[in-house]
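Participant: I'd like to go over a predicted model; first the sequence, then the structure.
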Amino acid sequence: MNLAAAFAEQSPHAFGYPSLFLLVLVGALVPVVPTGALVSSAAVVAFHRVSPFALLAVFVVASCAAFAGDVALYWLGQRGLRSRGGSRWLEAIRARASEEHLYRAQEKLGRHGTRVLVVSRLLPAGRIPVMLACLLAKLPLRRFARADAVACLAWTLAYQLIGVLGGSLFPEPWQGVVAAVALALLISAAPSLWRRVRESRD
């Protein structure tokens, strides 16, 4: 409770929008930061400040950071494809996408085009397989970026709404942060839990 309360007091004012940008950017490049939970918790604090500008700032900062991270990762992946020896970034992208998920992503990309990027950003663990499918299909960076911009806006809005919901249910910011983080993490973990249930039944 004390940790959540401290975070709620610091973010996003003293904790800083630059820090929010950096953490979401890093989370887009390397999946070590729960970016959805981070955006939701920042939205809770912005909601309790009763300022539409605070919520707007969280939205702009988080969506720009997610977009910058996605575009940077895609560009690094393209460099890896063009390189004879590949690259550690491309290998990292490949390692995070199973063959089954990649096949489904390629099928959806062929059927729906770049619109699938929007859905993939909203689905937990859906972003990387679709990004890899786009790389293997040699989708130009400019075309990827146009579709990904919409995807990042939709993703930020979804997790910000989770934060606003958590903030509206509880009187104290730290309580809303805890609720929003728990819900965001639950949404992120749901697909892997469902896969384990199906595998255990088989």
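Facilitator: It's in.

Participant: give the buried residues for stretch 39-55.
Facilitator: Val39, Ser40, Ser41, Ala42, Ala43, Val44, Val45, Ala46, Phe47, His48, Ala54, Leu55 (16 or more other C-beta atoms under 10 Å). The way it works is simple: take the backbone N, C-alpha and C, and place the C-beta from them, glycine included.

Participant: report all helices and strands that whichever strand or helix holds Val44 contacts.
Facilitator: Element membership for Val44, per DSSP states H and E: helix 35-48. Packed against helix 35-48 by the contact rule (3 or more C-beta pairs under 8 Å, 6 or more residues apart in numbering; DSSP states H and E) you find helix 2-10, helix 17-29, helix 52-82, helix 141-169, helix 173-201.

Participant: neighbours of the residue nearest to Val116 when sequence neighbours are not counted, how many?
Facilitator: With sequence-adjacent residues excluded and distances taken as C-beta to C-beta, 6 or more residues apart in numbering, Val116 is closest to Lys108, at 4.6 Å. Neighbour count of Lys108, defined by other C-beta atoms under 10 Å: 19.

Participant: show me what contacts Lys108?
Facilitator: Val116, Val130, Ala133 (C-beta atoms under 8 Å, 6 or more residues apart in numbering).

Participant: at 10 Å what do you get?
Facilitator: Arg115, Val116, Leu117, Val119, Ser120, Gly126, Pro129, Val130, Ala133 (C-beta atoms under 10 Å, 6 or more residues apart in numbering).

Participant: report the buried members of those.
Facilitator: Val116, Leu117, Ser120, Gly126, Pro129, Val130, Ala133.

Participant: quick check: chain neighbours aside, which residue is closest to the last one?
Facilitator: In space, not counting the residues next to it along the chain, Ala133 is nearest to Ala105; the distance is 4.0 Å by C-beta to C-beta, 6+ apart.
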